[in-house]
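Asker: I would like the atomic coordinates for the input below:
(one chain, ligands or ions: 2)
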Amino acid sequence: METKPLIIKNAEQVITLKGSSKGPLKKGKMNDLQILKNGCVFINEGKIAGVGTEEELASVYGELMKEAEIIDARGKIVLPGLVDPHTHVVYAGSREEEYNMRLNGSTYMEIMNNGGGIHATTGKTREASMDELIEQSKKRLDSFLLHGVTTIEAKSGYGLDWETERKQLLAAQELNKMHPIDIVSTFMGAHAIPAEYKKNPDAFVDLIIEEMLPKVSEGKLAEFNDVFCERGVFTPEQSKKILLAGKKLGLIPKIHADEIEPYEGAELAAEVGAISADHLLKASDEGIKRMAENDVIGVLLPGTAFFLMAEFAAGRKMIDMGMSIALSTDCNPGSSPSVSLPFIMNLASLKMGLTPAEAISAATINAAHAINRGHEIGSIETGKKADLTIMNVPNYMKLSYHYGMNHTDTVIKNGEIVVKDGLICKRT
Ligand SMILES: N=CN[C@@H](CCC(=O)O)C(=O)O
Ligand SMILES: [Zn+2]
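Answerer: Numbers count the residues shown, from 1 in each chain. Ligands and ions are numbered 1, 2, ... in the order given. Okay, here's the model as predicted:
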């Protein structure tokens, strides 16, 4: 279907992040948002056709621009559509009773080891029909969109048997087709040791390596392969086996690393050539150094530390040590049931010492690189997908300062307006 050209005019700030499509931003570069004041963005055929002043764009696209629908962004800022590089959005059920248990002193791992946590959601996800799974997950996608998010990564990992892992991955593919948000899939069979294999975890590792990973790869069901490398879940040795086996089949490694205890997950990420290591609350200095040296992106999830009442990852130190940082909600029913990436950005500044500009880089271009999409999304540059978010604030500092609010005014996905005045306007 052909879409009408669009022109965004009069924006107080266009946060372009131009020049960073080849690799993630590091150190001081994360502060350089490449802002265009009183800027204009011209969108044609789903792509960004031009960025500049109105006069500059008119001199190139004069006639075509006359046909364009105008969006007046006076008093507002334009950002690249936000990118969430770590979610568990496809699941069934909810776990508020565990929240209550944690408020009364139980820990996340105690709950999981007693058959709750990931196991509880696995039970619900196994029971859910494909339609139920899609319906429940689609509501969360709508909320993501309303918070300015245009692309997310989504993991399996609430099946822990092939039938349900496959169901989750197929649900993600279906949602990708039916919803404006683009979904990039990760296989995470190694999310927990299922009860059936508690006495013989290595047999589950073998099942993942010998049966599940080949089927994921043959069926083109995912691009990434993730492991929860944590004491009591998968050891670094088991994690390494699973990640290298996936890599041989073309699945790019990702790791849930050093979340609850220091466990050399960051070091492992560097060793196996992971695209990212995520969480990193307890990462060692040596692990941070090795990730920085090996260009592994640190995906930080401050919503999880907030919700688990844990110490936050050392984001400031990581940036200063040369690691590229991305930010994510970790959207899942246990440790971070949130879709608000803007709130995660606020937390990153208030609790991990990132500047508001660094938080924007981390939730746009660096997040895009953490899912191998830096070449097509994450910045406002000619030729990239027209995925844009207009926030109802006059400058980006106010996005950080006025915390806990949803400032999303307009979302444009592939050149189409999908959120207008803070409401979804394109129903799929
Ligand atoms: N820590 C492991 N996995 C998820 C939580 C999953 C859950 O509790 O359901 C995470 O990234 O936080
Ligand atoms: Zn996770």
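Asker: enumerate the residues of this protein near ligand 1.
Answerer: By the rule Cβ under 6 Å from any ligand atom, the part of the chain lying against ligand 1 is 88, 117-118, 121, 228, 256, 259, 304, 330, 332-335. Where C-beta positions appear, they are placed from N, C-alpha and C, glycine not excepted.
Asker: the residue of the stretch 251-400 of the chain found nearest ligand 1 in helix, strand or coil?
Answerer: As assessed by Cβ to the nearest ligand atom, ligand 1 sits closest to G334 within the stretch 251-400 of the chain, at 2.5 Å. Put simply, G334 is coil when judged by DSSP: H, G, I helix; E, B strand; the rest coil.
Asker: looking at it now. What's its pLDDT?
Answerer: With respect to pLDDT, G334 scores 98.
Asker: do the same with L64
Answerer: 88.
Asker: ok, and the closest non-adjacent residue to it?
Answerer: In this structure, L64 finds its nearest non-sequential neighbour in P5, 6.0 Å apart by Cβ to Cβ, 6 or more residues apart in numbering.
Asker: ok, now I365?
Answerer: Residue nearest to I365 in three dimensions, not counting chain neighbours: G378, with 3.8 Å by Cβ to Cβ, 6+ apart.
Asker: so which helix or strand of the chain has the lowest pLDDT on average?
Answerer: Here the helix or strand of the chain ranked lowest by mean pLDDT, DSSP states H and E is helix 54-66, holding a mean of 90.
Asker: quick one: low-confidence ranges for this structure?
Answerer: Residue ranges of the chain with pLDDT under 70: 1-2, 426-428.
Asker: pop the domain breakdown of it in here.
Answerer: With domains defined by the TED database, the chain comprises 6-81+378-424, 82-371.
Asker: mean neighbour count for those - can I get that in JSON lines?
Answerer: Below are the domains of the chain laid out as JSON lines (neighbours: other Cβ atoms under 10 Å):
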{"stretch": "domain 6-81+378-424", "mean neighbour count": "19"}
{"stretch": "domain 82-371", "mean neighbour count": "22"}
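Asker: run through who's touching the least confident helix or strand of the chain.
Answerer: For helix 54-66, contacts defined as Cβ atoms under 8 Å, 6 or more residues apart in numbering pick out 5, 7, 9, 40, 42, 44, 49-51.
Asker: and the helix or strand just after that helix, what does it pack against?
Answerer: Later in the chain than helix 54-66, the nearest helix or strand by DSSP states H and E is strand 69-72. Here strand 69-72 touches strand 6-15, going by 3 or more Cβ pairs under 8 Å, 6 or more residues apart in numbering; DSSP states H and E.
Asker: relative to helix 54-66, how tilted is the strand it packs on?
Answerer: Angle, strand 6-15 to helix 54-66, by axes from the mean of the first three to the mean of the last three Cα atoms, to 10 degrees: 150 degrees.
Asker: quick one: strands adjacent to strand 6-15?
Answerer: Using DSSP bridges, strand 6-15 pairs in its sheet with strand 35-44 (antiparallel), strand 69-72 (parallel), strand 77-80 (parallel).
Asker: assign M345 to helix, strand or coil.
Answerer: Per three-state DSSP, M345 ends up helix.
Asker: now the element after the one helix or strand K177 maps to, going C-ward?
Answerer: Following DSSP H and E, one finds K177 within helix 162-178. Sequence order places strand 182-190 as the next helix or strand after helix 162-178, per DSSP H and E.
Asker: gap between that next one and the chain center?
Answerer: Strand 182-190 has its average C-alpha position 11 Å from the chain's average C-alpha position, going by Cα atoms, centre = their mean, to the nearest Å.
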